[in-house]
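1. here's a sequence, model it:
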Amino acid sequence: MSAAAKFGAPFLIIGILIGLGIGFFVFPQQAQQQPAAPAPGAETVTVTETKTVTETRTVTAEAAKPMYRWNVKLSTTGGYFEANLPVLVALAKGYFDEEGINVELIIVKGGSEARKQLIAGDVDFIAQSSVHAGIAISAGADIKLVVPTFRLSTVGICVTSELKDEVKDIADLKGKAIGITRFGSLTWTMANYYLSKAGLDPEKDVTIVEIGSDLAAIVAALQQGKIQAYMCWTPVIYKLTTEGIAYTLVNPLDVEQHRKWIGESSLEAGIITRTDVIEKDPELVMRFVSAIKKALLYITTSSAEDVARTLINSDRVKQYVGYSEEDLVKIIRLLKPGYNQFGLPDPMSWDTGPYVKLQQALPDKFKPVSFEQAVDWRFSGLAGVR
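-> Model prediction:
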């Protein structure tokens, strides 16, 4: 056998292998683009890169999902932005997510419904007027306001425009029907207060009618003559007056009228919970309050336009807004001076707040309730205390 015959076959095999190797390194892209016969190294690189990308995306998607420690229910009156705008902002901005809290929002027609839900244990928190803490405590329930949201009174009296020449002051409402959200609500409270201040008997001199908080229902009741006046708050005042449906007989958004009827400030609204919730899980309450305080700071330091866009652009809360962006901006602009920027309760504001006024108007029905009885400020801090 010749040398060529003896060594030719091995050299041929080695040559083929070297050729394949050179082909891989010199033409790597072409090697990867031949699925029928890929180079050995190319197949390994492709699989490794695909797997790495897939795993990275999966981890990123999982990390984006909020990790909730708590699932809670909160009840509030539709359109009562004095109490629930901070809740909506906290949902839209992800502040509750940051605190590990998943909040289910329940909308009711009046604050008294929310109060009953809280006392019964059907919800964990309510965003409502502070009057509900007083009413519940007076009746023996054990609940507390844990963070205030609004420091001015905004409930006034709107009268149908048809009576503008007839009804000049509150006393002229004698014999008329006045709409409220629900009996036992903030609107009912302020109706009793204003009427009593004007020398009228709320149970004898007027007819108080439950209408609810839906704006369409309020407008219909006024236009159809079911009521001649309605106990209105900021968004309702804005809508009824700008559309010429009603005028304000008492307008607490006016600084001078606020001083006359209410005082300099009022612990108007906030977040309320049961004492057993506080005792069972104080960390939950602390984190809930933290989310609300973040929202209050955002509301008070941002433009009305930015706050409105935050709500309208959020899939989580836009269904609860109920107004066009243009109207929402104007309503928030009216409300902004009243929000409690740092969420700090003030004992003096409780004394000029709605429950004290209700108790003074109806002393035979409601017991005195002090600031200390109604407010647990350990989570929010206290105004004037450092």
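2. would you mind giving the domain segments of this protein?
-> Segmentation of the chain into domains, based on automatic domain parsing, reads 26-57, 70-153+265-374, 156-261.
3. which one of the ones you listed is the most hemmed in?
-> Burial among the domains of the chain, expressed as mean neighbours by mean count of other C-beta atoms under 10 Å, is greatest for domain 70-153+265-374, which shows a mean of 21. In this view, the C-beta of every residue, glycine as well, is placed from N, C-alpha and C.
4. roughly how far out does that domain sit from the chain middle?
-> Remark: domain 70-153+265-374 is offset 8 Å from the chain centroid, using C-alpha atoms, centre = their mean, to the nearest Å.
5. and the end-to-end length of that domain?
-> As for domain 70-153+265-374, its first-to-last residue distance stands at 25 Å under the measure C-alpha to C-alpha, to the nearest Å.
6. how close does residue 155 get to residue 280?
-> Counting by C-beta to C-beta, to the nearest Å, the gap between residue 155 and residue 280 amounts to 34 Å.
7. what helices or strands is the host helix or strand of residue 278 leaning on?
-> Using DSSP states H and E, residue 278 sits within helix 275-280. Secondary-structure packing of helix 275-280 (3 or more C-beta pairs under 8 Å, 6 or more residues apart in numbering; DSSP states H and E): strand 143-150, helix 282-301.
8. repeat that with 6 Å
-> In this structure, helix 275-280 packs against no helix or strand, with contacts taken as 3 or more C-beta pairs under 6 Å, 6 or more residues apart in numbering; DSSP states H and E.
9. contacting residues around that helix?
-> By C-beta atoms under 6 Å, 6 or more residues apart in numbering, the list of residues contacting helix 275-280 from outside reads 124, 142, 285.
10. so what's the last one up against?
-> Contacts were defined as C-beta under 6 Å, 6+ apart; by that measure residue 285 touches 146, 278, 379.
11. quick one: the helices in the stretch 151-300 of the chain?
-> Along the stretch 151-300 of the chain, the stretches classed as helices by DSSP state H, counting those that start in this stretch are 186-197, 215-223, 234-242, 255-261, 275-280, 282-301.
12. alpha carbons of the shortest one, as PDB, please.
-> Think helix 275-280. Taking only C-alpha atoms (Å, rounded to 0.1, in the frame of the first residue of the first chain), the coordinates of helix 275-280 have been written out as PDB:
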ATOM      1  CA  THR A 275     -61.200  49.600  66.200                       C
ATOM      2  CA  ASP A 276     -61.000  45.800  65.800                       C
ATOM      3  CA  VAL A 277     -59.300  46.400  62.400                       C
ATOM      4  CA  ILE A 278     -56.700  48.700  64.100                       C
ATOM      5  CA  GLU A 279     -56.100  46.200  66.900                       C
ATOM      6  CA  LYS A 280     -55.900  43.100  64.700                       C
END
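13. and the pLDDT for residue 129?
-> You'll see residue 129 listed with a pLDDT of 96.
14. before we move on, what about residue 48?
-> Residue 48 is given a pLDDT of 41.
15. let the chain start at 39 from now.
-> Sounds good: first residue 39 from here, last item residue 86.
16. spit out the contact partners of residue 240.
-> With contact taken as C-beta under 6 Å, 6+ apart, residue 240 is in contact with 230, 233.
17. mind checking the end-to-end distance for stretch 210-219?
-> Across stretch 210-219, the terminal residues are separated by 22 Å (C-alpha to C-alpha).
18. now, which of the contacts of helix 313-318 sits nearest residue 253?
-> Proximity to residue 253 was ranked across the contacts of helix 313-318 by C-beta to C-beta; first place goes to residue 162, at 27.9 Å.
19. thought that closest one was touching residue 110?
-> Yes - the pair residue 162 and residue 110 qualifies as a contact (C-beta atoms under 6 Å) at a distance of 4.2 Å.
20. so where's the stretch 289-424 of the chain shaky on pLDDT?
-> For the stretch 289-424 of the chain, the stretches with pLDDT under 70 are 423-424.
21. show me where it has its strands.
-> Secondary structure of the stretch 289-424 of the chain by DSSP state E, counting those that start in this stretch: the strands cover 307-312.
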